[in-house]
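[1] After the sequence you'll find the predicted model.
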Amino acid sequence: MSAIATEVRTKIWANSGDSHFLEPEDLWEKNLPPRLAELTPRSVKDPDGLHETVHVDGQSFRRALPNPKQAEFYAATNRPPGVANIGLRLADLDQEGIWTELVFPSLGMWNASFRTPELVRECMRISNDWAKAEIMDATPRLMPAAQVSVLSVEDAVAELRRCAGMGFRSVFLPSATPKGVDDWNRESWDPFWSAAEEAGMVLANHIATEPADPASTAGPGIVYRGPGGAVLNYTETSFSGQRCAMKLVMSGVLDRHPNLKLLVAEGGAAWVPYLTDRMIEGYRQHSMMVRPKLTRSVKEIVHQQVYVSFQHDVTAVGTMREFGYTNICWGSDYPHMEGTYGHTQETLHEIFDGAPGEIVHRLTVGAFDELFPTAPPLPADRG
């Protein structure tokens, strides 16, 4: 598709259920006392420049670095103008046809890899104060997700309530908790779910945010080697979000908290009908062993409380039209290379041209606005 052909088309405006903002690299380090600052993430590159070791809270993760050509490519695709500048970000959004964004952290993606409760509590507080001052107070079009400790239920509840009072409307939920901490399906987290439900905070899970494994010699995110490894590893990242959704559905968390909503960001949409069928089958065929018993059907819980976002999926329209699953948001994943920056309009037209208007509206605006009713409405001249 040529650039000229794209320009003559009507611009499709959308809200984005997935994006990121780059915090200052030393945000935590410069705002913590030395005894904690030394535990925050830092990387040390090998003299040959081919590998680096990332140190996080007493753990070390060694990983390969891109070669010069790869590094140049990554720098170009991961550093669009507004990655760390609000004014430039809004200009990027206007160019791309994006009105409002849910914003996930960048530094905060290390959340589940901390193991010192005081450290993660203070880092999350610093991040939230920064996001309020630098993002929320600058524009209502960017809606950052609050960050809380995943090492302490009490700390998580306290910070969630503080953030709700500051105006946050979602809370970032890593895909899994660290080793030795109760996972999301355990009842010990119920006070947190209750606090989120009471505050009207969306649980915003982002794929590939489970704890890093320091025992892995391949580095974070590397599961496969050899032929196909790059795509195998990329595909593997989506499964963590699916597991998070299954935990909250089948453990009864969402059933016990019917006003609580979960968003699985960046993981696509078409998996939801299949996984729902699979959970229904397991619940029915293994009923004698199933605990807890749910008060509503699995399908009802999923269709009422589980939302997803996708970037490029041409199957998203069919997922809604053929299977009746409507809790789907489009998302740009700005500024990551998996996202749509620089070709957002081309992508939106590829997905939505020829689709019924009500489906296009639901996927581009409707589901997002349902999750975040306080989001600024799309102006009439951009609808």
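    Here it is on my side, so go on. Residues are numbered from 1 along each chain as shown.
[2] what's the following helix or strand after the lowest-mean-pLDDT helix or strand in the chain?
    For the chain, using mean pLDDT, DSSP states H and E, the weakest element among its helices and strands is helix 3-7, scoring a mean of 45. For helix 3-7, the following helix or strand on the C-terminal side (DSSP states H and E) is strand 14-20.
[3] For that next one, buried residues please.
    14-20 (16 or more other CB atoms under 10 Å). Where you see a C-beta, it was placed from the backbone N, CA and C, and this is true even at glycine.
[4] cool, stretch 130-139 as well?
    Here stretch 130-139 shows 130-132, 134-136, 139 as buried, counting by 16+ other CB under 10 Å.
[5] just stretch 225-233 next, same as before
    Buried residues in stretch 225-233 (16+ other CB under 10 Å): residue 233.
[6] how far does that stretch stretch from start to finish?
    9 Å (CA to CA, to the nearest Å).
[7] Next: stretch 306-318.
    Its first and final residues considered, stretch 306-318 spans 18 Å by CA to CA.
[8] Over to stretch 253-267?
    End-to-end distance (CA to CA), stretch 253-267: 21 Å.
[9] quick one on the thing from earlier: check the buried residues of stretch 130-139 and tell me the two furthest apart.
    Farthest apart among the buried residues of stretch 130-139 by CB to CB are 130 and 139. That separation is 15.1 Å.
[10] what's around the closest residue in space to residue 169 that isn't next to it in sequence, how many residues?
    Leaving out its chain neighbours, the residue that sits closest to residue 169 by CB to CB, 6 or more residues apart in numbering is residue 372, at 5.5 Å. Residue 372 is flanked by 21 other residues according to other CB atoms under 10 Å.
[11] and what of the one 3 residues further on?
    Neighbour count of residue 375, defined by other CB under 10 Å: 20.
[12] Which residue, other than its chain neighbours, is closest to it?
    Per CB to CB, 6+ apart, closest to residue 375 is residue 100, 4.8 Å.
[13] go on, residue 275?
    residue 242 (5.9 Å).
[14] residues contacting that neighbour?
    Going by CB atoms under 8 Å, 6 or more residues apart in numbering, residue 242 touches 264, 267, 271, 275.
[15] Look up how far residue 203 lies from the first one.
    Yep, that's residue 264 we're talking about. 9 Å (CB to CB, to the nearest Å).
[16] The two: who's more crowded?
    When residue 264 and residue 203 are compared for neighbours, residue 264 comes out ahead with 32 against 28, by other CB under 10 Å.
[17] All good on my end, thank you.
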